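>>> sequence first, predicted model second:
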Amino acid sequence: MLTLTPPRSALDARTLTAPGGFAWWYADVVDADGSGVVVIAAYGLPFLARRGERDTPIARPSINVAVYERGICTFYALQELPVGGPAERDRALQEACAWSDGAPQRGDERTLQVGASTLHLGRTAGGDGEILNYLAEIDITLPTGSLRGTLKVEGAARLHPPDGVGHQPHTLGTPATYEDAAAIAHDWSPQTGIAHGHAALTIVAPDGSARDVVVDGSAYLDRNGGLLPMTDLGIGWWLWARADVDVGGGAQESRIVYALWPEDGGPPSCVGVSTDERGHSRVVDVDVHQDDVARTWLGMREVRRFTATEKATGTTFMVGEVVHRVDDGPFYLRHTLRAGVAAASADVRGTVEVVDATKLDRRWQRPFVAMRVTPSSPSRASLWHPLFSGPKEGRVARQLGWLTGGRP
């Protein structure tokens, strides 16, 4: 279902060309009050894929940026990007493959152009390890508003565990059948340990009014890639959570829990990844207990509180409690998270998502998903797009404008 790979391992370049495959790079920052920013640059994003269709990922670029202020989503963009001719597609493939080709060396910088936005990734020397530097120069224009600014992430680059454990890929669940037995169906690799993020953004409404948003807080970076459609991986649903936790003596660790429940109803496969302030990481099998579960108005499973314990020792790995529901959909939920080792913290320390892969691309959903997605040709946007995209302020007025003939 999923394989945790070492941070310097290269993402299989075929994830960008395999029919139905996918590749995405994820970054987020969240502060103690629940304000945050998420940036996802993708090729073949599974949430935009159609069941039974196997598009070439490099032909389906997209960028997703969400801004949250004190637990409320105040700007949202999920923008499909136009695909140019053969030359433009070759350039995009070369750039994306460079980003996929393991982590950059010290002093090296990788650049990825995604529409009008540019992502930079580099490494510098830092203590006895390395510092990972990520910069997203965001430039998004929608029919319903625009977003400009930067998201910077800087922190300890995740390293292999010092005792050698975890050097090899760590597989969760029974892999699906793929063309090449040595291939990894879904490759996931966190890139950072303890990291700090700074977002400085300007939200602009269609009428030209603008306001600034600044977020400083805990940050995270990872990447994913797959050779098969997400719906072919045997995943029923998953819970993923990441947070910075206090481990005593003034020290902190970045901790991640990833739990996947298979589509066939079998027991879940769960892993925990902890990374200290120098970047040294530990990978352990965990059990995840859902302490408080409810259903949203769209029928999604909302895990309000969970406890992850290490299988080998029975010690608590993470306790998490959701704070704000910031993304609410028929197959995807995102919350800000209070988390700790023995008990949840007082402040927001991270984020948690729940995804139900069995609910992806159901026929009844398609018109509603289209309301939130900005297509590569904005003139094809849903009539109801203003209610679900761009700045939160003024959405009703913009929607009325579209309905009365003011659609751009």
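Noted; the coordinates are in hand. Remember, it's a predicted structure, so these values are computed and weren't measured experimentally. Numbering: from 1, shown residues only.

>>> residue 15 in helix, strand or coil?
Of the three states, residue 15 takes helix under DSSP: H, G, I helix; E, B strand; the rest coil.

>>> residues in contact with it?
21, 22, 23, 57, 100, 187, 225, 226, 227 (Cβ atoms under 8 Å, 6 or more residues apart in numbering). Where you see a C-beta, it was placed from the backbone N, CA and C, and this is true even at glycine.

>>> quick check, pLDDT for it.
With respect to pLDDT, residue 15 scores 92.

>>> now name the helix or strand holding the closest residue to it other than its chain neighbours.
Distances taken as Cβ to Cβ, 6 or more residues apart in numbering put residue 225 closest to residue 15, at 3.6 Å, once the chain neighbours are dropped. Element membership of residue 225, judged by DSSP states H and E, is strand 210-226.

>>> quick check: residue 186 touching residue 1?
Yes: assessed by Cβ atoms under 8 Å, residue 186 is found in contact with residue 1 at 6.7 Å.

>>> count the neighbours of the closest residue to residue 184 other than its chain neighbours for me.
Distance criterion Cβ to Cβ, 6+ apart; nearest residue to residue 184, sequence neighbours excluded, is residue 3 at 4.6 Å. Residue 3: 20 surrounding residues under other Cβ atoms under 10 Å.

>>> residue 3 in helix, strand or coil?
Under the three-state scheme (three-state DSSP), residue 3 adopts strand.

>>> for the one 5 residues further on, same thing?
Using three-state DSSP as the criterion, the local structure at residue 8 reads coil.

>>> mind listing what it touches?
By Cβ under 8 Å, 6+ apart, the neighbours of residue 8 are 102, 103.

>>> try 10 Å
102, 103, 104, 105, 123, 157, 158, 159, 160, 189, 191 (Cβ atoms under 10 Å, 6 or more residues apart in numbering).

>>> per-residue pLDDT, residue 94?
So residue 94 comes in at 90 (pLDDT).

>>> ok, residue 250 next?
In this model, residue 250 is scored at 86, pLDDT.

>>> and if you look at the one 4 residues further on?
The predicted local distance difference test score for residue 254 is 96.

>>> same deal with residue 144?
pLDDT, residue 144: 96.

>>> measure the residue nearest to it when sequence neighbours are not counted to residue 201 for me?
Distance criterion Cβ to Cβ, 6+ apart; nearest residue to residue 144, sequence neighbours excluded, is residue 390 at 3.2 Å. Residue 390 sits 13 Å away from residue 201, going by Cβ to Cβ, to the nearest Å.

>>> one more: residue 49?
Distance of residue 49 to residue 201, given as Cβ to Cβ: 28 Å.

>>> starting at the chain centroid, how far to the following helix or strand past the strand holding residue 225?
Per DSSP H and E, strand 210-226 leads on to strand 235-248 as the next helix or strand towards the C-terminus. Its chain's C-alpha centre and that of strand 235-248 lie 13 Å apart, by Cα atoms, centre = their mean, to the nearest Å.

>>> report the buried residues of strand 235-248.
Neighbour counts over strand 235-248 (16 or more other Cβ atoms under 10 Å) mark 235, 236, 237, 238, 239, 240, 241, 242, 243, 244, 245 as buried.

>>> over to stretch 72-87?
73, 74, 75, 76, 77, 78, 79, 80, 81.

>>> then stretch 134-153?
So, applying 16+ other Cβ under 10 Å, buried residues of stretch 134-153: 134-138, 140-149, 151-153.

>>> show me what counts as buried in stretch 386-405.
For stretch 386-405, by 16+ other Cβ under 10 Å, it's 386, 387, 388, 389, 390, 391, 394, 395, 398, 399, 402.

>>> partners of the helix or strand hosting residue 195, with directions?
For residue 195, the host element (DSSP H and E) is strand 192-204. Sheet partners assigned to strand 192-204 using DSSP bridges are listed as strand 145-157 (antiparallel), strand 210-226 (antiparallel).

>>> just the angle for it relative to strand 235-248, thanks.
110 degrees (axes from the mean of the first three to the mean of the last three Cα atoms, to 10 degrees).

>>> the nearest residue to residue 79 once chain neighbours are set aside: how many residues sit nearby?
Nearest residue to residue 79 in three dimensions, chain neighbours excluded: residue 374, at 4.4 Å (Cβ to Cβ, 6+ apart). Neighbourhood size, residue 374 [other Cβ under 10 Å]: 27.

>>> thinking residue 374 is in contact with residue 146, fair?
No: using Cβ atoms under 10 Å, residue 374 makes no contact with residue 146, being 11.2 Å away.

>>> common neighbours of these two, please.
With Cβ under 10 Å, 6+ apart, residue 374 and residue 146 have common neighbours 77, 140, 390.

>>> got those as TSV, with pLDDT columns?
Below are those laid out as TSV (pLDDT from 0 to 100):
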residue	pLDDT
77	98
140	97
390	97
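
>>> so of those residues, which ones are in helices?
Taking DSSP state H, every one of the shared contacts of residue 374 and residue 146 sits outside helices.

>>> reformat those as CSV; add distance to residue 69.
Below are the shared contacts of residue 374 and residue 146 laid out as CSV (distance: Cβ to Cβ, whole Å):
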residue, distance to residue 69
77, 15
140, 17
390, 15
